[in-house]
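Colleague: Please work out how this folds:
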Amino acid sequence: MKKKSSKKKKAVFKKKAVRIAVSIAAVLILVTGAAFILRLADTSITEDTYPLKYEKEISAASEKYGVDIALIYGVIKTESDFDPEAKSGAGAIGLMQLMPETFEWMQAYYKEENDYTFEDLYDPELNIDYGVETLSILLDKYESEETAICAYNGGLGNVDKWLEDEKYSDDGINLKVVPFPETDNYRKLVEQNKSIYKRLYFS
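Modeller: Numbers count the residues shown, from 1 in each chain. Coordinates of the predicted model:
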């Protein structure tokens, strides 16, 4: 009876040992697999996929208007991926995807030289100048960079309404909820691209 009991104990112990070994192996596969996936994702973040195009124009506008250069790159990467001929379905054009109404607003209130046409914004230098000044105005108006980014995409009128609504803002400065999914995704992508540019070039 004692021999049988001892055999049973050994068999139970072996089963437990196998289960523990399998569990450890599974955890290791999950961890190394996750790490491998992260490494794969990180390989897409290179100087080729996040280039320093239009460096002279962007640096000049950053200095002129006091806007973080990484933010400018983040916006351009998100808006046009550095295509100066980009045109959206809504009619925004150029590197920083400026809308006709934004162009007219800038011409009326902020630009002394207002003889440019909307089509002139296909010129990278002009587009960057107008786009970065627009960003600087929004950053001055709103105390939050993320709120300013939302206004760049969703419009000042919409953002002002959201900030006054307790459903969307607790303090009238930050948006806890962005009711336009496109604007919410845009804000996240700009901040992500800005962070990548900072890490690659400006840290």
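
Colleague: So the spatially closest residue to residue 79 that is not a sequence neighbour versus residue 135, what's the distance?
Modeller: What sits nearest to residue 79 in space, not counting adjacent residues and going by C-beta to C-beta, 6 or more residues apart in numbering, is residue 97, at 4.0 Å. From N, CA and C alone the C-beta is placed, and that goes for glycine too. In this structure, residue 97 and residue 135 are 12 Å apart, going by C-beta to C-beta, to the nearest Å.

Colleague: do the same with residue 93
Modeller: 17 Å.

Colleague: Kindly report the same for residue 79.
Modeller: For residue 79 relative to residue 135 (C-beta to C-beta), the value is 11 Å.

Colleague: Next: residue 179.
Modeller: Applying C-beta to C-beta to residue 179 and residue 135 gives a distance of 22 Å.

Colleague: Looking at the two, which is more packed in?
Modeller: residue 135 (24 against 14; other C-beta atoms under 10 Å).

Colleague: what's the pLDDT at that one?
Modeller: Among the per-residue scores, residue 135 holds a pLDDT of 98.

Colleague: Same question for residue 114.
Modeller: pLDDT, the model's per-residue confidence, is 74 for residue 114.

Colleague: who touches it in this structure?
Modeller: Shown here is residue 114, whose contacts under the criterion C-beta atoms under 8 Å, 6 or more residues apart in numbering are 107-108.

Colleague: my guess is it is in a helix, correct?
Modeller: No. When the secondary structure is assigned by DSSP: H, G, I helix; E, B strand; the rest coil, residue 114 falls in coil instead of a helix.

Colleague: That one and residue 59, how far apart?
Modeller: Applying C-beta to C-beta to residue 114 and residue 59 gives a distance of 25 Å.

Colleague: how is this protein carved up into domains?
Modeller: As assigned by automatic domain parsing, the chain contains the domains 1-43, 55-202.

Colleague: looking at those, which is buried most?
Modeller: Comparing the domains of the chain by mean neighbour count (mean count of other C-beta atoms under 10 Å), domain 55-202 ranks first with a mean of 17.

Colleague: Quote the end-to-end distance of that domain.
Modeller: When the termini of domain 55-202 are compared using C-alpha to C-alpha, to the nearest Å, they are 13 Å apart.

Colleague: low-confidence ranges in the protein?
Modeller: Residues of the chain that meet the criterion pLDDT under 70 lie in 1-43.

Colleague: Much appreciated, bye for now.
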